[in-house]
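> Sharing a sequence plus its predicted fold:
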Amino acid sequence: MDALPPAPAPPAAASGTAPRAHDDVLATLRALRAADPPTHGGRVLSYVYDPGRPDLDELAAAAARLFQPVNGLDPTTFRSVARLERDLVALARDVLHGDGDVVGSVTSGGTESCLLAVKAARDAWRVARAADAPAHASHHGPGPRAPAGRARLVIPTTAHPAFRKAAHYLDLDLVEVPVDPATGAVAADALLAAVRAQADRTALVVVSAPSYPYGALDPVADVAAGAAALGVACHVDACLGGWVLPWWPEPLPPWDLAVPGVTSVSADLHKFGYTPKGASVLLHRGRQRHRHQYFATKGWPGYPVVNATVLGSRAAGPLAAAWAVTRALGPEGYAALTAQAHRATCRVRAAVGATDGLRVVGAPVGPVLAVGADVAAVPAARVDPFRWVDALRARGWLAQCQPALAQADGTRLPRTAHLTLTAVSESVVDALVRDLGAAADDVRGAPPAEADLALAATVAQGDLPDRLATVMATLEALPAELVEPLLVEVLARVVDPDA
């Protein structure tokens, strides 16, 4: 959550009023964008992925404009869509070391890729178990008949919330396994023990490459091998790392489709693939598993419907932009951009380590860091990460607050600040290193931000202060059953015409 910038004056012509000249419309849009954080230049350390290449922005915009009117709903009508998607899947398969048995789809983003990976695994599980379990009598519509009982989805605590959303949407039992607070990664034995507890009901186990909160690489090879021995599918969520880890200059354990037992991988093009938002790739090992991702029906009087993704009508612009950017960069271009991100990450990681009161939390790989208070320092020397994020914001940098979390086994993951470094970060790393130290000086020794329960009512009205340390501490302290409706209210009010 970030403080909302002051909105510009409302447009003169609202819905239902007289039309406006094109120049006026564009002027209003420019004013709205001017109130946003800068999406280029490396000062937003989350949300956006900037290669520092204006030529790629122009190329992507031109490609998207060419495909602006195209509907990706039916690639048998718009054959260009089929060609672009086929090329992107083939490229991702090569990058992630898949063989000829690997196929997949381009989706609108990591959340959709993860949801579809769960959907395919659930449906494959249903087919495999249907002969051994009595079917529900009330089955209707397309898709495999579900055996009695719900499928299980086993994930580490650090798995992306997209998997929690998938379990919620698709009616799976969610099993969360604590991670090691020292490394931020899950132990293979712990994850596999959760699978083994009810392997016959487990449709999918998930590992991250790397996880978003700590940048930690889960033990993919051990989990995939153990899951395969139990007859359980294994998904690698490489939405964050899929287009940067293949070129990362440091040696890494195997984590992609080269690992036996990995049945699917998600990798976002619009992160370190540096394409505009709206593009991710989901790959499956085996064509039948890919088919389980689809929805098809002829049970209405209109045209036969076949959807590879959650969406029906799909904008082809992001697909074309992704195709253009990946073709323009190629492996050599990605290697060069990754080298820039790596150099920036090394500089920032060293600077954090040298700053009194701060530490890098866990054992990150890739260009993602979690920064927490140095618990080995005396309280007067510690830096509260929430206060540090506010101090960075005052100096023109946008980082994310990550609240502490109590895990099911009683261990506690600390509050941290999240930093994502991209290729453009190298061009501003001197200023970033200077300011992260100065921001730590600004708040060193201040007591950790504490909850203010009276603030919750203010937040519910959508009134967020510029400094968020107390807000985040309040959300951290409140139970999930109170925080989650509160967050819904905040976001709903932001887009409510009458709020």
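Nice, thanks for sending it over. Fair warning: this is a prediction, and the values are worked out from it, not measured in the lab.

> rest of the way, CA atoms for contacts and neighbours
Fine.

> Could you pick out the longest helix of the protein?
helix 317-353 (DSSP state H).

> quick one: least confident helix or strand in the chain?
Sorting the helices and strands of the chain by mean pLDDT, DSSP states H and E puts helix 454-460 at the bottom, at a mean of 78.

> roughly how far out does it sit from the chain middle?
Remark: helix 454-460 is offset 28 Å from the chain centroid, using CA atoms, centre = their mean, to the nearest Å.

> any idea which helix or strand comes after that helix?
helix 469-477 (DSSP states H and E).

> I'd like to know which elements that next one is packed against.
helix 385-394, helix 454-460 (3 or more CA pairs under 8 Å, 6 or more residues apart in numbering; DSSP states H and E).

> now the helix or strand following that helix against helix 469-477, angle please.
With elements assigned by DSSP H and E, the helix or strand that comes after helix 469-477 is helix 480-494. Following axes from the mean of the first three to the mean of the last three CA atoms, to 10 degrees, one obtains 130 degrees for the angle between helix 480-494 and helix 469-477.

> before we move on, the earlier item: deepest in the core, which of the helices and strands packed on helix 469-477 is it.
Of the helices and strands packed on helix 469-477, the one with the most neighbours on average (mean count of other CA atoms under 10 Å) is helix 385-394, at a mean of 24.

> residues making contact with the next helix or strand along the chain from it?
Going down the chain from helix 385-394, the next helix or strand is strand 400-402, by DSSP H and E. Strand 400-402 is contacted from outside by 1-2, 45-46, 213, 385-386, 389, 415-419, 472, using CA atoms under 8 Å, 6 or more residues apart in numbering.

> mind running it again at 7 Å?
46, 386, 389, 415-418 (CA atoms under 7 Å, 6 or more residues apart in numbering).

> if you average pLDDT over the helix or strand following it, what comes out?
Scanning forward in sequence from strand 400-402 by DSSP H and E, the next helix or strand is strand 405-406. Average pLDDT, strand 405-406: 97.

> State the number of residues packed around Ala363.
Neighbour count of Ala363, defined by other CA atoms under 10 Å: 16.

> typo on my end, Pro497
The burial count for Pro497: 7, using other CA under 10 Å.

> cool, Gly330 as well?
Neighbours of Gly330 (other CA under 10 Å): 11.

> The one 3 residues further on now?
By the criterion of other CA under 10 Å, Gly333 has 13 neighbours.

> try Leu269
32.

> Quick check: the residue lying closest to it once chain neighbours are set aside vs Val310, distance?
What sits nearest to Leu269 in space, not counting adjacent residues and going by CA to CA, 6 or more residues apart in numbering, is Ser280, at 4.9 Å. Using CA to CA, to the nearest Å, Ser280 is found at 13 Å from Val310.

> what's the closest of the contacts of strand 400-402 to Ala296?
Ser46 (36.8 Å; CA to CA).

> helix, strand or coil for the closest one?
coil (DSSP: H, G, I helix; E, B strand; the rest coil).

> Was I right to think it contacts Leu421?
No. Ser46 is beyond contact range of Leu421, at 8.1 Å (criterion: CA atoms under 7 Å).

> mind giving me the domain split of the protein?
Domain assignment of the chain by automatic domain parsing yields the ranges 79-325, 454-494.

> Out of those, which gets nearest to Pro69?
Closest among these, using CA to CA: domain 79-325, at 7.9 Å.

> Please report the number of neighbouring residues for Val259.
17.

> Excluding chain neighbours, what is closest to it?
Nearest to Val259 is Ala221, by CA to CA, 6+ apart, at 5.9 Å.

> Name the helix or strand for that neighbour, please.
Counting by DSSP H and E, Ala221 is part of helix 220-229.

> ok, the next helix or strand after that helix: who's next to it in the sheet?
On the C-terminal side of helix 220-229, the nearest following helix or strand under DSSP H and E is strand 233-237. When pairing is defined by DSSP bridges, strand 233-237 lines up against strand 202-208 (parallel), strand 264-268 (parallel).

> Deepest in the core, which of those strands is it.
strand 264-268 (a mean of 31).

> Can you pull the phi and psi angles for the residue lying closest to Ala380 once chain neighbours are set aside?
With CA to CA, 6+ apart as the criterion, Ala380 has its nearest non-adjacent residue at 4.1 Å, and that residue is Gly445. Dihedral angles of Gly445 (phi, psi; degrees, to the nearest 10) stand at phi 90, psi -10.

> For Gly445, give me its contacts.
379-383.

> for the residues you listed, which one is nearest Asp498?
Relative to Asp498, the closest of those is Val383; by CA to CA it sits at 40.7 Å.

> ok, that closest one to Ala238 distance?
Applying CA to CA, the value for Val383 to Ala238 is 31 Å.

> same deal with Gly184?
16 Å.

> Kindly report the same for Pro485.
Note on Pro485: its distance to Ala238, by CA to CA, is 29 Å.

> between those two, who's got more neighbours?
Counted by other CA under 10 Å, Pro485 and Ala238 do not tie: Ala238 has more neighbours, with 28 against 11.
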